[in-house]
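> How does the following fold in three dimensions:
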Amino acid sequence: MDKKMSTREQTILLVSDDADLCLAARKRLESFEEGIRVASVASVDAARRIVEDAAPAVILLEDTLVTCEPDESREKAPRLGAAVTSLALHAPVVVIGGTGRQIELSALVAAGAADYVERSGACLPVALGLVERRLRQSQQFNESACLPLAEEGEGFGEVLRHELNNPLTGILGNAELLLAEMRRNSDNRMPEGGQQRIETIAALAVRLRETVRRLSQEWEARHNALHLH
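Below is the predicted model of the structure:
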């Protein structure tokens, strides 16, 4: 794999209590390219507390951290979809999970906010490959944002479409599915999985707002810098 300098340091956040997995992931990711920093936490709550300050480019999460404790009822158990949604507000999430749990993330995966890798003997290399792909996408955005104004049109426009279309597609798709399910029900009750779809719509709407805010700030900063020279 060819290495090249990143435009700026990028952080990858590992959310796992498996020390061996974290060590293996850290070795590979830090050798992927210069400017990569790997941080790790052992719980979803810890990840939520630091994610805004850490500003990760990608998050790698093990679903074993989102399980029902022996003394908890099934209804009170944290849901994987809700946990990933809260993190996907800040960065794409690559999830390593058990068989069948991908259905909880179908909306987020379809929206481009998450990737799912089923746990197996070779799951870590596959998951790390997805993390590296997400890093390349982030780097492409950073490089496009640094293009001279005369050259940025096509590259920046493509990045802009990608950044906005992913959450928009997720919002519209989940809204249409939810409306269709509600129309099929004659009792006007929330359909099964409806709350998760609403949570996903809300999360993607926030992500879209933050994307627009970030792009606007970068655009204004570049124009202000040009006017100063």
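> ok, how many other residues are close to P125?
Counted by other Cβ atoms under 10 Å, the residues lying close to P125 total 12. C-betas here are computed from N, CA, C, even on glycine.
> ok, it to L61 distance?
Applying Cβ to Cβ, to the nearest Å, the value for P125 to L61 is 17 Å.
> Equivalent analysis for V41, please.
10 Å.
> same deal with L105?
L105 is 10 Å from L61, by Cβ to Cβ.
> Now for these two: what residues contact both?
V84, V95 (Cβ atoms under 8 Å, 6 or more residues apart in numbering).
> Give me the more crowded residue out of V41 and L61.
L61 (25 against 20).
> That one looks like it's in a strand, true?
Yes: counting by DSSP: H, G, I helix; E, B strand; the rest coil, L61 is located in a strand.
> Surely it touches P92?
No: counting by Cβ atoms under 8 Å, L61 does not reach P92; the two are 10.8 Å apart.
> okay, the residue nearest the centre of the chain: pLDDT?
Per Cα atoms, centre = their mean, the C-alpha nearest to the average position across the chain is that of P92, at 1.4 Å. For P92, the pLDDT comes out at 88.
> hang on, A82 packs against Q196?
Yes: the pair formed by A82 and Q196 meets the contact definition of Cβ under 8 Å, at 7.2 Å.
> Tell me which of these two has more neighbours.
Taking other Cβ under 10 Å, A82 and Q196 do not tie; Q196 has more neighbours (21 against 16).
> Just the buried positions in the helix or strand harbouring D115, please.
Using DSSP states H and E, D115 sits in strand 114-118. Under the neighbour-count criterion of 16 or more other Cβ atoms under 10 Å, strand 114-118 has A114, D115, Y116, V117 buried.
> The third one - nearest residue in space that isn't next to it in sequence?
Spelled out, it's Y116. Closest residue in space to Y116, ignoring its immediate chain neighbours: Q102 at 4.4 Å, by Cβ to Cβ, 6 or more residues apart in numbering.
> What strands line up against the strand holding D115, and which way round?
Take DSSP bridges as the rule and strand 114-118 pairs in its sheet with strand 93-97 (parallel).
> which other residues reach the partner strand?
With Cβ under 8 Å, 6+ apart, strand 93-97 has contacts from 58-63, 80, 84, 87, 105, 108, 113-119, 123-124, 127, 130-131, 134.
> which element follows the lowest-mean-pLDDT helix or strand in the chain toward the C-terminus?
When the helices and strands of the chain are scored by mean pLDDT, DSSP states H and E, helix 149-184 comes last with a mean of 66. As assigned by DSSP H and E, the chain's next helix or strand after helix 149-184 is helix 194-228.
> what is the orientation angle of that following helix with strand 114-118?
Angle, helix 194-228 to strand 114-118, by axes from the mean of the first three to the mean of the last three Cα atoms, to 10 degrees: 130 degrees.
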